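Visitor: The following block contains a protein sequence and its predicted model.
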Amino acid sequence: MLEPRDAQGRKAYQAACQAASGRANLLPVKTKPVVLYEDDYVIAFDKPAGLLSVPDRWDKSRENLMRMVHEMFSPGYFNIHRLDRETSGVMVCAKDKSTLDRFAVMVEKGLLDKVYGALTRGVPRNARGRLVWRLAPDPRRPGCMQVSSGGKPAITEYEVAESFRRYAFLQVRPLTGRTHQIRVHLARSGCPVVGDAFYGDGRGIYLSELKPNYRFKRNEEERPLIGRLALHAHRVTFEHPRSGQAVTIESPWPHEFEVALKYLRRFGGAARAASASGERGET
């Protein structure tokens, strides 16, 4: 989340983070980060939903992945990108400054191919497409972004992997790296990410909304199939900054994604036929 600079905005930002934490699956403090890939120059971790990528600007006591990495692996590791607190998946680090500098050039040139999985509330009108809307900080909602003609260019490509009556499972590629880019673009297109409290309704997916004649358990609140932000950084591919060889790193689908998809496939219903491709937005 983009952190505001003023005191009033900081309070709103912290309140929003606290509200979102209730919907995320937090790791126990000090659980050692899972390593997805490692060599002499690069290491990649599997970041869980609910854990900050880097230290919070206002509250340094909040746990974050890079603090854990520095304490449990090496203080000399550097993250080359970030994931939103509520997003899970692959997070790549460089083991030295020289490798970090090489990665920085690659990121600037858009040479990191990042693929996310997203469950959306709503089905895109096209089976694949490109979303092109400029993004800027939202002055009315500190810490959030908005589509703005005066903002920075942002491009997101998507492809519908599976579609259902009211939901879709998308493969998403951000071609630029703006804050909350995927979330804002999908919301603007009419298909917000499930569980997104900032750009959608924040609701998860409930079996009672899918299964006919669902029987509620007496005196027990129904738990969502997936209640967190349904956005997962599934795969990152790049040319190794030292060897030049192609490297692909994948994070397994979280259990709650698998559960939600299992019941969507069973009870979610068929979506309308979509046209082949299209582009939405303004350049």
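Guide: Structure's in. What do you need?
Visitor: show me where the stretch 101-250 of the chain has helices.
Guide: Using DSSP state H, counting those that start in this stretch, the helices found in the stretch 101-250 of the chain span residues 181-188.
Visitor: Flag the shaky bits of it, pLDDT-wise.
Guide: Judged against pLDDT under 70, the stretch 101-250 of the chain has no low-scoring part.
Visitor: which residues sit in contact with A246?
Guide: T237, F238, E239, H240 (C-beta atoms under 8 Å, 6 or more residues apart in numbering). All C-beta spots, glycine's among them, are computed from the backbone N, C-alpha and C.
Visitor: Could you give the number of residues near the first one?
Guide: Which is T237. Neighbouring residues of T237 were enumerated by other C-beta atoms under 10 Å; the total is 14.
Visitor: Same question for the second one.
Guide: F238 is surrounded by 19 other residues when neighbours are defined as other C-beta under 10 Å.
Visitor: Sort out which of the contacts of A246 are in strands and list them.
Guide: Among the contacts of A246, the ones falling in strands (DSSP state E) are T237, F238, E239.
Visitor: Touching, the second one and L112? I think so.
Guide: By that I understand F238. Yes - contact criterion C-beta atoms under 8 Å: F238 and L112 qualify, at 5.0 Å.
Visitor: Name the residue most distant from the centre of the protein?
Guide: No residue in the chain sits farther from the centre than R218, which is 35.0 Å out by C-alpha atoms, centre = their mean.
Visitor: and P252, helix, strand or coil?
Guide: Assigned by DSSP: H, G, I helix; E, B strand; the rest coil, the conformation of P252 is coil.
Visitor: Leaving out chain neighbours, which residue sits closest to it?
Guide: Distances taken as C-beta to C-beta, 6 or more residues apart in numbering place D46 nearest to P252, at 7.8 Å, with adjacent residues excluded.
Visitor: do the same with R128
Guide: E159 (4.2 Å).
Visitor: residue boundaries of the strands in the stretch 101-250 of the chain?
Guide: Ranges of strands within the stretch 101-250 of the chain are 113-121, 126-132, 135-137, 145-147, 155-163, 167-174, 231-239, 246-250, based on DSSP state E, counting those that start in this stretch.
Visitor: What pairs with the last one, parallel or antiparallel?
Guide: For strand 246-250, the pairing partners within the sheet under DSSP bridges are strand 231-239 (antiparallel).
Visitor: quick one, the strand it pairs with and strand 113-121 angle?
Guide: If you take axes from the mean of the first three to the mean of the last three C-alpha atoms, to 10 degrees, strand 231-239 sits at 160 degrees to strand 113-121.
Visitor: So for strand 231-239, what gets flagged as buried?
Guide: Applying a neighbour-count criterion of 16 or more other C-beta atoms under 10 Å, one finds L231, H232, A233, H234, R235, V236, F238 buried in strand 231-239.
Visitor: Serialize these to a markdown table and add fields for distance to L207.
Guide: Output for the buried residues of strand 231-239, formatted as a markdown table (distance: C-beta to C-beta, whole Å):
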| residue | distance to L207 |
| --- | --- |
| L231 | 21 |
| H232 | 21 |
| A233 | 26 |
| H234 | 24 |
| R235 | 29 |
| V236 | 32 |
| F238 | 39 |
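Visitor: In those, find the pair that's most separated.
Guide: L231 and F238 (20.4 Å; C-beta to C-beta).
Visitor: about what we covered before: residues in contact with both of F238 and L112, list them for me.
Guide: Common neighbours of F238 and L112, counting by C-beta under 8 Å, 6+ apart, are V92, F103, M106.
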